[in-house]
Structures are given as C-alpha cells and as structure tokens.
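Student: No letters, just coordinates:
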C-alpha cells in the first residue's frame, strides 16, 4: 500500500488592501524600533539648536523641541521605548496568562476555581489606577514599568485563553486523546494550544494596543519613561507648552502613537473571518 | 422576586466585599514595596540615616507592615482616612475638597456617554451593514485607537489656541457665572465622552447583533415584524445584561480618562490629587484615593451584575 503525501494546504482567504496597508505600518514601526540607533541623526539628550520649538527644516526633519533637541531623533528612539517596553510586557503577560489559562482548562476542578477567583481580584482595579499604585510603590524604572504591564495585562490573557481552551477541551478529539492515555500536559500543548493559537494571537494584538496607550498615558503623566529619555507619551508631555506655538513637537509623537494603534486595531478588524468568528 | 434571585444577588454582594478586601491588600502592600521612602522623601536633602530612623519611629513606620495594614483598614472603616505627611493635613479634608469635583465630571460624562453610545450602537445594529453602521464602526475603532491625551491636546490646540473659543484650563473660580462654568466643562467632558463611548458602541452593537441571530427574533421576522420592532421589542430586552456589563466595564476606561483629563486641564479633582500624590510619594493619600476609586468601580460593576440578574426573564 502506498501512502501519498497530503495535498498542500492553500491559504483560503483573500488579503484585504486595508489589512495590507496596516500591516505595512506596523512593520514600519517595528523596523524603526529595531534599527533605531542606525536611524538617529543626533544623540537623544543633545541640545542641537538654539531655536526652541523650531519648525521642520532640512537639518531637523521634524523641528526641534522645548530644549532645542532634534524631534526626529527623539521620535525614533521614543519608538524603541514605547514599542520595546510594551512588547516585553506583552510577552511576559502572554507567557503567564496563556500558560495558566491552559493549565486551568486542562486540569479543571478545584485548581481552576481557585486560580480563576484569585485572578479575578485584579479585575477589581482599573488599569491606569493599578499602574499608578505600582509606580508609586516601586518607582518609574523600566523593569518596574514592564512588571506593571505584566501584572495589569496577564489576567486578561488568562481569562481569554481559559475560555477558549475550555471550549476546545469539551470536544471529542480531546476525549480520544485522554482515552489513549495522554497526560494533561500533552493535551494542553499538542491538542488544545494548536486549535486556539490564532484567536490568542489576535487577542494579544488588541492587548498590545491597550498596553501602548496605557504606557504612553503613564509617561504623559510624568510617571513612565524618565528624562532625558522619552517615549512618545513623555514627548507629548514635555512639549505641552509648545501647543501655543502650534509646534510639531506635540503633534508628531501623538500622530506616531495614533498611527500604530489604529493600524493594529484595523489589521485585527480585517483579519480573515474564520479567526474573527472565534474572537467574538 | 423569588428566593433564587435573592441568593444570586447576595452571592454577588459577598464577592464584591471579598474583592474589595483583596484589593485593599494589594494596594497596601504594593505601595509598601519600598519601605521608609516617606521618611526619606519628607527629609529631602537633609536626609541622614539617624534622622530617617527617628522620623520613621515618630510616624510609626517602623512597626510591622501587617499591623499597619489592619490599622489602616480599621481606620478606613471608621472614617479615619489617614494623615498626609507631605501636605501636613488629614487625607479626609484633602479628599472632601476634591471628590465632589471628580464626581461632577464623571456624572456629566456618563449622562452624555451612556444614551449617546447606546443609541448609536443600537441604531448601528438596526441598520447593520448600512453606510451609517459602517461610519459608526469606523469612528468607534478610530476613537479606541487614540489616546485621551492626544484628543485633549489637539482640542486645546484647535479650540483654545487657534480659535480662542474655550479656556485651556478648567479652573473654576468660586464666583464664576453659569456661562464660565459651562465653557470650562466643554473640553474635558468631550474628551471623556470620546474616550469612553467607543467601547460601549462596539459592545452594545455586538450584543444586539447576537440577539438578532436567535430563533425568537427569526420567529418575529417570520410574523412580519418590522426591523425596528424586532430590535426594540425582541432583541433589546434580551441584550440588557451584556449591554449593562459593557457600560460597567467602560467605567474602568472612564477612570483612566479622568486621570488624564484632570491632569491636562489642571482640573481640581481627586484623580489629579492622586497623580500629584504619586509624584511626591504621599503614600497615605495614594492608598486612600485608590480605595475610593476601587470602591466606586466595584459598586458600579456589582450594580451592573445585579441589574443583569434582575433583567433575565428566565429568573422571574
């Protein structure tokens, strides 16, 4: 008897133009964050011009800020802070949340109940408030900011993963796997996870937007990334007085933030219907 | 009202009290992560090890944290909100000055947001797929992506600096006439409405759309009911629970918005007080403000759950 290879799976969906544009924007900012040191014109803290809130020029592409620093360079490095801190926080929150969610679904019973109840406590504290409390207690260093993001966002990852995993756990092929003697960990990783990984990625994308908005909000309050470094939120804060001059120093970082957040949200909104159905 | 409903409501209230207790533990011990900071902060430049130790003893900071936690909770329960060493005043008097301002801001915002967002969400669901629906959904996804401080700064740039129609700060003198007060509120309230309505629009539209896919709505359609009758008479009453939940959940976002907006417009509210407290490391103030905010938030979530239980026709 000959066994022929299964026919190669084809992508069964079309890529919408708007999704392609959004993906390009996201990849653009990711590349900027990744290669920031190669792209800057001046060191971030250097006051390069005597012209405060200077206009856009050949020398200073996006003008200068309230201390006469190059906004273009600060924007590029700001991308690194905003995206980098948010990304590391997201990965940690996802590692903890998804693992615990899978464990809760696979083991079930008392373990699930206690874990779910304990994690529900965090939902009783609004996000930005919890961030304020953590920063008040631990200071505004970058590890504390990453820790705060992890603590604030892992409960959501947990709840989402658990609810998806519980649904899959009730299906026949899981019973078959258990009947042939597979353990909980095997079921978790080889049977449940592959079936829910798409929606989880989409959910993490939405969470990433919440994280960058929260982080930049915190920096805008002066409690996030500290001077002389700045992420996009801190750049808006420090240049607030430039509003009355209509300076690009306030608008540019806001637009950068909005473009990234909007691109991710629209990208996920235009995902293939198959994944979006599972999301809802 | 039957026994089962009362039991469910009782259970919900018990969960709320338990969460408030756990939240108080979290708030207290997170803010106590770095011990002795209050003493060092108060002494500022003049800090020496001995002076800090002395001050810590005077303030009672050298005693075990668990003991101070119970004193603090007991104080909160008996109306003693603690003492702010940074501003040298009881926290209660600071809070009493600011809390009404924040509540006014939040109440005006909710009074505008809830009818507006639910109305838009419901109409988008009635005319699902129409241009109106697509326009509303696009606007909602844009607002969800924009940080409040960006909407706030752009509004200030446009309305205060460029057009000079509205004041950039929301400081209201005691002698202000009605017109001044209204003008001062327009921008902060608009930012909060923009920030909090998008989530509510999306969730209420989705809740109605879910209910529209059920057999009883199909039955109504087969009977020849109009589209608006199907939505208002059949789908809406069954979507009360998820809609009320979406309103309660967006209160978390509203609180975040209030924190940003009070800072941008220098509005003398409780959130601004707390942000200033974080900058000066005024722990008693931060702890009490957090508990007040969490208390309000839990009351709203619990109220939403109870409304959801009461609105479920299968339980009547």
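Tutor: Sure thing, it's come through. Owing to the predicted nature of the structure, the values given are computational and were not obtained by experimental measurement. Numbers count the residues shown, from 1 in each chain, chains lettered A, B, ... in the order given.

Student: got the contact list for residue B:269?
Tutor: B:98-99, B:101-102, B:105, B:258, B:262 (CB atoms under 8 Å, 6 or more residues apart in numbering or on different chains). Every C-beta, even on glycine, is put in place using the N, C-alpha and C of the backbone.

Student: May I ask which of those residues has the most neighbours?
Tutor: Neighbour counts for these (other CB atoms under 10 Å in any protein chain shown) peak at residue B:258, which has 28 neighbours.

Student: could you list every residue that touches that one?
Tutor: Counting by CB under 8 Å, 6+ apart, residue B:258 has contacts B:102, B:105-106, B:192, B:269, B:271.

Student: what is the mean pLDDT for the helix or strand hosting residue A:120?
Tutor: Per DSSP states H and E: residue A:120 is located in helix A:109-123. Across helix A:109-123, pLDDT averages out at 85.

Student: any residue of that helix up close to chain B?
Tutor: Yes. Between helix A:109-123 and chain B, judged by CB under 8 Å from any CB of the partner chain, the touching residues are A:120-122.

Student: Which strand or helix spans residue B:236?
Tutor: helix B:236-238.

Student: before we move on, the earlier item: give the buried residues for the helix holding residue A:120.
Tutor: A:112, A:115-116, A:119-123 (16 or more other CB atoms under 10 Å in any protein chain shown).

Student: Give me the residues contacting it.
Tutor: Contacts of helix A:109-123 (CB under 8 Å, 6+ apart): A:100, A:103-105, A:130, A:151-152, A:155, A:158-159, A:162, B:19, B:22-23, B:26.

Student: Out of the buried residues of helix A:109-123, which is nearest to chain B?
Tutor: residue A:121 (4.2 Å; CB to the nearest CB).

Student: Can you give the contact residues for the helix holding residue B:236?
Tutor: Contacts for helix B:236-238 (CB under 8 Å, 6+ apart): B:122, B:208, B:211, B:214, B:311, B:313.

Student: Just give me how far that helix sits from the chain centre.
Tutor: Taking CA atoms, centre = their mean, to the nearest Å, one finds helix B:236-238 lying 26 Å from the centre of the chain it belongs to.

Student: Likewise for stretch A:172-191?
Tutor: Distance of stretch A:172-191 from the chain centroid (CA atoms, centre = their mean) equals 32 Å.

Student: Start and end of that stretch, how far apart?
Tutor: End-to-end span of stretch A:172-191 (CA to CA, to the nearest Å): 11 Å.

Student: what comes up buried for it?
Tutor: Per 16+ other CB under 10 Å, stretch A:172-191 contains these buried residues: A:174, A:177-178, A:187-188, A:191.

Student: So what does residue A:69 have for phi and psi?
Tutor: Main-chain torsions, residue A:69, degrees, to the nearest 10: phi -100, psi 160.

Student: Sticking with the residue most central in space within chain A, tell me its helix or strand.
Tutor: Most central in chain A under CA atoms, centre = their mean is residue A:208, positioned 2.1 Å from the mean C-alpha point. For residue A:208, the element it lies in under DSSP H and E is helix A:193-220.

Student: Quick one: residues contacting residue A:73.
Tutor: When contacts are counted by CB under 8 Å, 6+ apart, residue A:73 is found next to A:40-44.

Student: And it, which helix or strand is it part of?
Tutor: When elements are assigned from DSSP H and E, residue A:73 belongs to helix A:71-107.

Student: And that helix, how far out from the chain middle?
Tutor: The chain centre lies 5 Å from the centre of helix A:71-107; the measure is CA atoms, centre = their mean.

Student: And stretch B:161-180, by the same measure?
Tutor: Here stretch B:161-180 is found 25 Å from its chain centre; the criterion is CA atoms, centre = their mean.

Student: any idea of the mean pLDDT for that stretch?
Tutor: What stretch B:161-180 shows for mean pLDDT is 75.

Student: Same question for stretch A:33-52.
Tutor: Stretch A:33-52 shows an average pLDDT of 79 in the prediction.

Student: Flag every buried residue along that stretch.
Tutor: Residues of stretch A:33-52 classed as buried: A:33, A:36, A:39-40, A:42, A:44, A:48-49, A:52 (neighbour count, 16+ other CB under 10 Å).

Student: what about residue B:54, neighbour count?
Tutor: Neighbours of residue B:54 under the rule other CB under 10 Å: 14.

Student: what pLDDT does it get?
Tutor: 74.

Student: So, low pLDDT: which residues of the chain?
Tutor: Picking chain A for this. For chain A, the stretches with pLDDT under 70 are A:1-14, A:273-280.

Student: um, chain B though
Tutor: For chain B, the stretches with pLDDT under 70 are B:1, B:33-47, B:60-61, B:170-175, B:313, B:315-316.

Student: Of the contacts of helix A:109-123, which belong to helices?
Tutor: Using DSSP state H, the subset of the contacts of helix A:109-123 located in helices is A:100, A:103-105, A:130, A:151-152, A:155, A:158-159, A:162, B:19, B:22-23, B:26.

Student: Which single one of the residues you listed is nearest to residue B:225?
Tutor: Nearest to residue B:225, judged by CB to CB, of the ones in helices among the contacts of helix A:109-123 is residue A:159 at 36.9 Å.

Student: ok, the closest one touching residue A:101?
Tutor: Yes. Between residue A:159 and residue A:101 there is a contact at 7.4 Å, judged by CB atoms under 8 Å.

Student: When the two are compared, which one has more neighbours?
Tutor: Between residue A:159 and residue A:101, residue A:101 has the larger neighbour count (other CB under 10 Å), namely 30 against 17.

Student: give the contact list for that one.
Tutor: Applying CB under 8 Å, 6+ apart to residue A:101 gives the contacts A:157-162, A:164-165.

Student: What is the nearest of the residues you listed to residue A:232?
Tutor: Nearest to residue A:232 among those, counting by CB to CB, is residue A:157 at 24.1 Å.

Student: ok, back up a step: so what angle separates the directions of the helix holding residue A:208 and helix A:71-107?
Tutor: 140 degrees (axes from the mean of the first three to the mean of the last three CA atoms, to 10 degrees).
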